[in-house]
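Novice: Next comes the sequence, and after it the predicted model I'd like to discuss.
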Amino acid sequence: MTLRHLFFATLSGAAVLVSAQAPQRMTFQAVLRDASDNLVVSGAVGLRASVLQGSASGTAVYVETHSTSTNANGLATLEIGGGTPVSGTFSGINWGNGPFFLKTETDPNGGSNYSITGVSPLLSVPYALFAANNSVGPAGPQGPQGPVGPQGPGACEIRTGDGRAVLWNTNTAFGFGFNETSGSNWYVQSLNGPVVAALASDSSVVLYTATTAYGFGKNSTSGSGWYVQTLNEEVLGAVTSNARIVLYTANTAFGFGYDDISGSDWYVQSINAPVSGELVAGNRIVLYTASTAYGFGYDDVSGSDWFVQSLNTPVIGVESTR
């Protein structure tokens, strides 16, 4: 039986509360599959989580245990920092003194006979946790006054990025963006159910319900527009880069990005196993399984596209440019 990690470096929902205290939790999700690659569904799972400092074999600065279960898709969800402590305290981790790795030991029968072990790097530390134990340094000396720029003929509008804004209610999304003819304009899109989550890059916004994804991005003809994509099953993870957004399920990845021909568009890629990890490099997004890497980036002919690479052995390390 094997354990597939999906994502684990996002803050829990408590992060939206207005509070001076950083939420001392991180969401962790994993999919359990047996030796025949079949999902282990609706089963009890025992898990021990350790935060390692320095390397994949470093010192455990915090250890806790969990008793949980998988859902109908074989997915187990828990909060690191919310289990039964074994050693250390989660709030006492100095996130500025990394790197850190998450080691998980799993008993697929729900007990404490841990037979499955995995170690993954915490590629980024949640900002609120990092800020919670790092004070602001002293202010530096004031620099010299720069030269006065030339006086323009009138007031200037400062623009950053390809800005778009989206509002939504129970059944409709309202996108505000650029129109080639009239300038700014509103674009209205019906929704087929409640919004599960929303994500944004520098130039586009994606909302998704239980069955459908709605992308609001650049249109090569009108300026801005909505693009609708049917989802074949439950979304298990989402990733954003500077200009692209990816959602993925157990079997499919959905990339939203700009196409030189049609404007923004959805790009669908089948994946051969649940996602083991994800990586962002500038405008590009990479997902990988135990045997294959899937890169969502730019193609000079069609615009955005998926690029697939077979891996001869499982990934043991990752790195990227900004």
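Specialist: Good, I have the coordinates. Residues are numbered from 1 along each chain as shown.
Novice: Which parts of the stretch 51-200 of the chain are strands?
Specialist: For the stretch 51-200 of the chain, the strands defined by DSSP state E, counting those that start in this stretch cover 59-69, 75-80, 84-87, 100-107, 116-121, 165-168, 172-179, 183-190, 197-200.
Novice: Packing partners of the third one?
Specialist: In this structure, strand 84-87 packs against strand 59-69, with contacts taken as 3 or more Cβ pairs under 8 Å, 6 or more residues apart in numbering; DSSP states H and E. For every residue, glycine as well, the C-beta is placed using N, CA and C.
Novice: Okay, domains of this protein per the record?
Specialist: 2-132, 165-310 (automatic domain parsing).
Novice: can you give me the offset of the first one from its chain's centre?
Specialist: This means domain 2-132. With Cα atoms, centre = their mean, to the nearest Å as the basis, domain 2-132 stands 16 Å off its chain's centre.
Novice: just checking, Val166 touches Gly175?
Specialist: Yes: between Val166 and Gly175 there is a contact at 5.0 Å, judged by Cβ atoms under 8 Å.
Novice: residues shared between the contacts of the two?
Specialist: Counting by Cβ atoms under 8 Å, 6 or more residues apart in numbering, the shared contacts of Val166 and Gly175 are Val205, Phe216.
Novice: could the domains of the chain be laid out in TSV, adding distance to Gly317, mean neighbour count and mean pLDDT?
Specialist: Below are these laid out as TSV (distance: least, Cβ to Cβ, whole Å; neighbours: other Cβ atoms under 10 Å; pLDDT from 0 to 100):
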stretch	distance to Gly317	mean neighbour count	mean pLDDT
domain 2-132	8	16	74
domain 165-310	10	18	88
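Novice: quick one, which of those domains is nearest to Ile316?
Specialist: domain 2-132 (8.1 Å; Cβ to Cβ).
Novice: In space, not sequence, find me the middle residue of the protein.
Specialist: Using Cα atoms, centre = their mean, the residue of the chain that lies closest to the mean C-alpha position is Val239, 3.5 Å off.
Novice: just to revisit the earlier point, may I see the domains of the chain organised as TSV, with distance to Ile316 added?
Specialist: Converted to TSV, these look like this (distance: least, Cβ to Cβ, whole Å):
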stretch	distance to Ile316
domain 2-132	8
domain 165-310	11
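Novice: between those domains, which one is nearest to Glu319?
Specialist: Of these, the one closest to Glu319 (Cβ to Cβ) turns out to be domain 165-310, at 8.4 Å.
Novice: show me where the protein has helices.
Specialist: Under the criterion DSSP state H, helices of the chain are mapped to 127-132.
Novice: how close does Thr59 get to Asn242?
Specialist: Noted for Thr59: a distance of 35 Å to Asn242, by Cβ to Cβ, to the nearest Å.
Novice: That should have said Gly88, apologies.
Specialist: For Gly88 relative to Asn242 (Cβ to Cβ), the value is 36 Å.
Novice: Pairing partners for the closest residue to Gly74 other than its chain neighbours in the sheet, please.
Specialist: Using Cβ to Cβ, 6 or more residues apart in numbering and skipping the chain neighbours, the partner closest in space to Gly74 is Leu39 (3.3 Å). Beta bridges link Leu39 to Arg33 when assigned by DSSP bridges.
Novice: Pretty sure Leu39 sits against Leu32.
Specialist: Yes: using Cβ under 8 Å, Leu39 makes contact with Leu32 at a distance of 7.1 Å.
Novice: Mutual contacts of these two, please.
Specialist: Shared contacts of Leu39 and Leu32, counting by Cβ under 8 Å, 6+ apart, come down to Thr70, Gly74.
Novice: Write down the beta-bridge partners of the spatially closest residue to Phe307 that is not a sequence neighbour, one by one.
Specialist: Leaving aside its chain neighbours, Phe307 sits nearest to Gly295 (4.4 Å; criterion: Cβ to Cβ, 6+ apart). Taking DSSP bridges as the rule, Gly295 bridges to Val286, Phe307.
Novice: and if you look at Val206?
Specialist: Under DSSP bridges, the beta-bridge partners of Val206 are Leu199, Gly215.
Novice: Is it in contact with Arg244, as I believe?
Specialist: No: using Cβ under 8 Å, Val206 is not in contact with Arg244, being 10.0 Å away.
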